[in-house]
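Enquirer: Could you look at this predicted model? Sequence included:
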Amino acid sequence: MADDLDALRDTVRAGRSALWANPAYLPAEDVQARQDLDRALADWRMLAPLLARVFPDLEATHGHIGSDLIPVPEGAFGPLPGHVLIKGDHALPVAGSIKARGGIFEVFMCAVTQSRAAGLLGPDDPVTKLAETRDFFAQRTIAVGSTGNLGLSVGIAARALGYRCIVHMSHDAKAWKFERLRKLGVEVVLHTADYTAAVAAAREATDADPDGYFVDDESSELLFRGYSAAAAELAIQLDAMGIAVTPDKPLCLYLPCGIGGAPGGIAYGARAIFGAAAHSFFVEPQQSASALCQMAFDAPSVHDLGLSNRTEADGMAVATLSPLVHARMRQRLAGVCTVGDADMLRWVACGAAQGLRFEPSATAGFAGPLHLVTSGAGAAFRARHLQGVAPEDITHIVWATGGRFVPDTAHAAFLASAAALPEAFDLPQKISQ
Ligand SMILES: Cc1ncc(COP(=O)(O)O)c(C=O)c1O
């Protein structure tokens, strides 16, 4: 065991891809998660009429923010083993990334709470009243620190209700993301430092503002709750496709991870619904393996293992794991695996060939099935938790997380970078254990 961890540490330090199977993982029914998920679903239902009123894109879905579940044509994404489906959050309406599920939820919940506290929204008032109270929100500020996509979703949601909004962006943020925000009237503060510093600056500035509300990506219950509801949507879609999920026909989810809120929330929701039949893995860039460093090595920062936190996958350029997510995932997370930038870019190009617009962060999940099915650590995981399950009976869900709003020029640049790479994928060949 200690030898395995030493070997893993060497692999991680060397910037190679790895799978860490969580030794504390306990697949099980989860009553607490189920209760929390029910609350999340009730909150989303309460907000739906307001969302439909404020965002024309959501009229047709009556305020539901959802994405497609997309079967992967054989060979379309390289050498993927088994039965793979893409959960298409890269194309989510309104915010164009998985962050729509968290950021919009938290801003709208904040609006409801603040207006109830101020007596503006009575117990019998329809929530749609908040579409007409811009003057109230205009006196209040919502702030957030972000690598880009959370800022985009919070900014879009806050401005839609009339809030003043300040987004602190890390140096990783792409120019088109903050330009889009500025056009909406969001005040964007650009930092020359990383995500952690941007969040700290946003927190400090908001603490000094009595009318400020801080969306705390590092420890927000509301973000977590908002994301968790995605699992219920997935369950409905699997059911509609006739895909059974049982311990004999398990679901493996591969969730791109930055600070951990989005993948943690979804893993939590998946456990609420599928219990021991779903196994969630976080997937991270090799150089930004914050969940792996924290959960496997107790290392609070990727820098502790000599990693650079530099990656093309800007949404995941985060050096630390959220303490809230860490606590919730201790026994609930199956494992963490990592992937290199080159493969993520190759999958961006594969997506384009299928008419799917991904940003690099969106594609990390494709590494998951490769790790699980082809690596030694994956074999050990399957022997322990998927005993007697034939590989073809596993349904792999690759959670795609962002890309809809990537401008043509930026997308073309990803494709050019991918075209300049050797054609063969690094994975699974470069899986080192
Ligand atoms: C496209 C994309 N994927 C994945 C993530 C990871 O989400 P989290 O930081 O909540 O772990 C992000 C975060 O911004 C993102 O933008």
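Expert: Perfect, I can see it now. Numbers count the residues shown, from 1 in each chain.
Enquirer: Whichever residue of the stretch 51-200 of the chain sits closest to the ligand: neighbouring residues, count only.
Expert: Using Cβ to the nearest ligand atom, the single residue of the stretch 51-200 of the chain nearest to the ligand is residue 149, 3.3 Å away. Heads up, the C-betas are built off the backbone N, CA and C, glycines and all. Neighbour count for residue 149, taken as other Cβ atoms under 10 Å: 30.
Enquirer: the strands in the chain, which residues?
Expert: For the chain, applying DSSP state E gives strands covering 19-21, 69-71, 83-88, 141-146, 164-169, 187-190, 212-215, 251-256, 278-285, 335-339, 395-400.
Enquirer: Quick one: closest of these to residue 297.
Expert: Of all the strands of the chain, the one in closest proximity to residue 297, counting by Cβ to Cβ, is strand 19-21 (9.1 Å).
Enquirer: residues from the protein in reach of the ligand?
Expert: Residues of the chain lying near the ligand by Cβ under 6 Å from any ligand atom: 97-99, 147, 149-150, 256-263, 315-316, 318, 359, 361-362, 401-402.
Enquirer: what's the distance between residue 326 and the ligand?
Expert: Using Cβ to the nearest ligand atom, to the nearest Å, we find residue 326 at a distance of 12 Å from the ligand.
Enquirer: Leaving out the residues flanking it, which one is nearest to that residue?
Expert: Leaving aside its sequence neighbours, residue 326 sits nearest to residue 294 (Cβ to Cβ, 6 or more residues apart in numbering; 5.8 Å).
Enquirer: now swap in residue 256 and tell me
Expert: Nearest to residue 256 is residue 364, by Cβ to Cβ, 6+ apart, at 4.1 Å.
Enquirer: Tally up the residues packed near the one you found, please.
Expert: Residue 364, neighbours per other Cβ under 10 Å, totals 34.
Enquirer: mind listing what it touches?
Expert: By Cβ atoms under 8 Å, 6 or more residues apart in numbering, the contact set of residue 364 is 254, 256-257, 283-285, 313, 316, 339, 344, 401.
Enquirer: Contacts for stretch 378-386, please.
Expert: With contacts defined as Cβ under 8 Å, 6+ apart, stretch 378-386 is touched by 19, 21, 25, 27, 250, 279, 334-335, 371-372, 389, 391, 394.
Enquirer: Same question for stretch 293-311.
Expert: 5, 8-9, 12-13, 15, 20, 22, 194, 285-290, 317-321, 326, 329-330, 333, 336, 341, 360.
Enquirer: The residue of the stretch 151-300 of the chain found nearest the ligand and residue 99, how far apart?
Expert: Per Cβ to the nearest ligand atom, residue 258 is where the stretch 151-300 of the chain lies closest to the ligand, at 2.7 Å. Residue 258 is 10 Å from residue 99, where distance means Cβ to Cβ, to the nearest Å.
Enquirer: now do residue 265
Expert: 11 Å.
Enquirer: nearest spatial neighbour of residue 214, skipping sequence neighbours?
Expert: Per Cβ to Cβ, 6+ apart, closest to residue 214 is residue 206, 3.9 Å.
Enquirer: Next, the contact list for the one you found, please.
Expert: Applying Cβ under 8 Å, 6+ apart to residue 206 gives the contacts 141, 143, 166, 212-214.
Enquirer: cool, and residue 267?
Expert: Taking Cβ under 8 Å, 6+ apart, we find residue 267 in contact with 253, 255, 280, 282, 329, 332-333.
Enquirer: cool, residue 318 as well?
Expert: Applying Cβ under 8 Å, 6+ apart, we find residue 318 in contact with 147, 194-196, 258-259, 288, 290, 309.
Enquirer: Surely residue 427 touches residue 346?
Expert: No: judged on Cβ atoms under 8 Å, residue 427 makes no contact with residue 346 at a distance of 9.6 Å.
Enquirer: pLDDT at residue 431, what is it?
Expert: Note on residue 431: pLDDT of 65.
Enquirer: quick one on the thing from earlier: now, the most widely separated pair of the contacts of residue 206?
Expert: Going by Cβ to Cβ, the pair spanning the contacts of residue 206 furthest: 166 and 213, at 10.6 Å.
Enquirer: Tell me which helix or strand in the protein has the weakest average pLDDT.
Expert: The helix or strand of the chain with the lowest confidence, counting by mean pLDDT, DSSP states H and E, is helix 2-13 at a mean of 91.
Enquirer: Identify each buried residue in it, please.
Expert: 8-9, 11-12 (16 or more other Cβ atoms under 10 Å).
Enquirer: what do you get for stretch 337-356?
Expert: 337-352, 356.
Enquirer: and what of stretch 369-384?
Expert: By neighbour count on 16+ other Cβ under 10 Å, the buried set for stretch 369-384 is 369-375, 377-378, 381-382.
Enquirer: now stretch 232-241
Expert: By neighbour count on 16+ other Cβ under 10 Å, the buried set for stretch 232-241 is 232-235, 237-238.
Enquirer: Report the contact partners of the residue most central in space within the chain.
Expert: Nearest to the mean C-alpha position of the chain, by Cα atoms, centre = their mean, lies residue 262 at 3.6 Å. Listed by Cβ under 8 Å, 6+ apart, the contact partners of residue 262 are 98-99, 101-102, 223, 227, 255-256, 401.
Enquirer: let's see 10 Å
Expert: 89, 97-99, 101-103, 149-150, 217, 223-224, 226-228, 230, 255-256, 282, 315, 325, 399, 401-402 (Cβ atoms under 10 Å, 6 or more residues apart in numbering).
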